[in-house]
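Enquirer: Output the structure for:
(one chain, ligands or ions: 2)
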Amino acid sequence: MRIGIMGGTFNPIHLGHLIAAQRACEGMELDQIWFMPTHTPPHKPAPAGTTPEQRRDMVQLAVSGSNRFCVSDAELRREGVSYSYDTVCRLQQDHPDDRFYYIVGADMIQFLPKWYRIDELATRIGFIGLQRKGYSASLEALPENIRAAVTLVPMPVIELSSTEIRERRAKGKPVTYLVPANVERYMEENGLYA
Ligand SMILES: Nc1ncnc2c1ncn2[C@@H]1O[C@H](COP(=O)(O)OP(=O)(O)OP(=O)(O)O)[C@@H](O)[C@H]1O
Ligand SMILES: O=C(O)c1ccc[n+]([C@@H]2O[C@H](COP(=O)([O-])O)[C@@H](O)[C@H]2O)c1
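Expert: Ligands and ions are numbered 1, 2, ... in the order given. Next up is the predicted model:
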């Protein structure tokens, strides 16, 4: 199988993540997308306002209607910083017949050279890079070996982030149509970000 890994903090998951995953799925003819919430993100502050279980629950709700999308808790089960290299090595050990692709937004593409053991990672998997407003999706600045591993997939610009969802919730503004309805309900019921 061709499997896309959609890694993220997902604090919380929003429609930008889901549309990105769907475009990657179509553009690269993937069989499945595994949404992989990080335990501890490598390059940003530890997520505040939620537990890892709550972030995972919201992702689970968001993908519940799909037959191609699912949640992997491989990183949540592993203590410490969630380096993608460690995750990929483990996945390839457990699923030797499958091919893995790592899906990243355009904001992340320019930081790929800073990823832990990126040179080895780029020999193991392909990266699927998606367009995102405000960030250059150009590959020119990347070293040749990393550039060769990235395929760009066009996606409509979805100007939306988890930060915006948290800020709207903190101000008492609705997040309707920005996150799936069942995720909005979960945030309400658990008093998240309010
Ligand atoms: N609107 C979007 N369009 C395309 N890709 C996105 C979008 N939002 C997030 N992504 C991508 O999804 C992955 C996971 O993102 P993450 O969970 O950190 O969400 P975020 O919205 O960037 O969060 P935050 O605002 O808290 O920094 C990253 O590769 C990121 O680039
Ligand atoms: O392995 C790394 O060095 C690395 C550095 C930055 C980001 N990542 C992964 O990229 C994904 C998106 O990261 P973030 O910080 O936008 O949530 C998430 O799965 C991270 O674990 C991985």
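Enquirer: pLDDT at Y135, what is it?
Expert: Predicted confidence (pLDDT) for Y135: 65.
Enquirer: For L139, which residues are in contact?
Expert: I109, G129, R147, V150, L152 (C-beta atoms under 8 Å, 6 or more residues apart in numbering). Any C-beta I mention is one placed from the backbone N, CA and C, and that applies to glycine too.
Enquirer: and the residue of the chain positioned farthest from its centre, helix, strand or coil?
Expert: In the chain, G172 marks the outermost C-alpha relative to the chain mean, sitting 26.2 Å out by C-alpha atoms, centre = their mean. For G172, the assignment made with DSSP: H, G, I helix; E, B strand; the rest coil gives coil.
Enquirer: List phi and psi for it.
Expert: phi 80, psi 20 (degrees, to the nearest 10).
Enquirer: Close to ligand 2: what parts of the chain are there?
Expert: Within the chain, the positions adjacent to ligand 2 are 7-9, 36, 38, 41-44, 82-85, 108, 115-116 by C-beta under 6 Å from any ligand atom.
Enquirer: Try it again at 5 Å.
Expert: 7-9, 38, 41-44, 82-84, 115-116 (C-beta under 5 Å from any ligand atom).
Enquirer: Now do the helix or strand of the chain with the lowest mean pLDDT: which elements does it pack against?
Expert: When the helices and strands of the chain are scored by mean pLDDT, DSSP states H and E, helix 106-109 comes last with a mean of 84. Using 3 or more C-beta pairs under 8 Å, 6 or more residues apart in numbering; DSSP states H and E, the elements in contact with helix 106-109 are strand 126-130.
Enquirer: Tell me which residues of the next helix or strand after the strand it packs on come out buried.
Expert: Past strand 126-130, further along toward the C-terminus, the next helix or strand under DSSP states H and E is helix 144-147. Of all the residues in helix 144-147, those buried under the rule 16 or more other C-beta atoms under 10 Å are I146.
Enquirer: outside of helix 144-147, which residues touch it?
Expert: The contact list for helix 144-147 (C-beta under 8 Å, 6+ apart) reads L112, P113, I118, D119, A122, T123, F127, L139, E140.
Enquirer: Distance from the chain centre to the helix or strand following it, please.
Expert: Remark: after helix 144-147, the chain's next helix or strand is strand 150-153, criterion DSSP H and E. Centre-to-centre, strand 150-153 and its host chain are 15 Å apart (C-alpha atoms, centre = their mean, to the nearest Å).
Enquirer: Ok, stretch 155-175 next?
Expert: The answer for stretch 155-175 is 16 Å, by C-alpha atoms, centre = their mean.
Enquirer: Lovely, talk soon.
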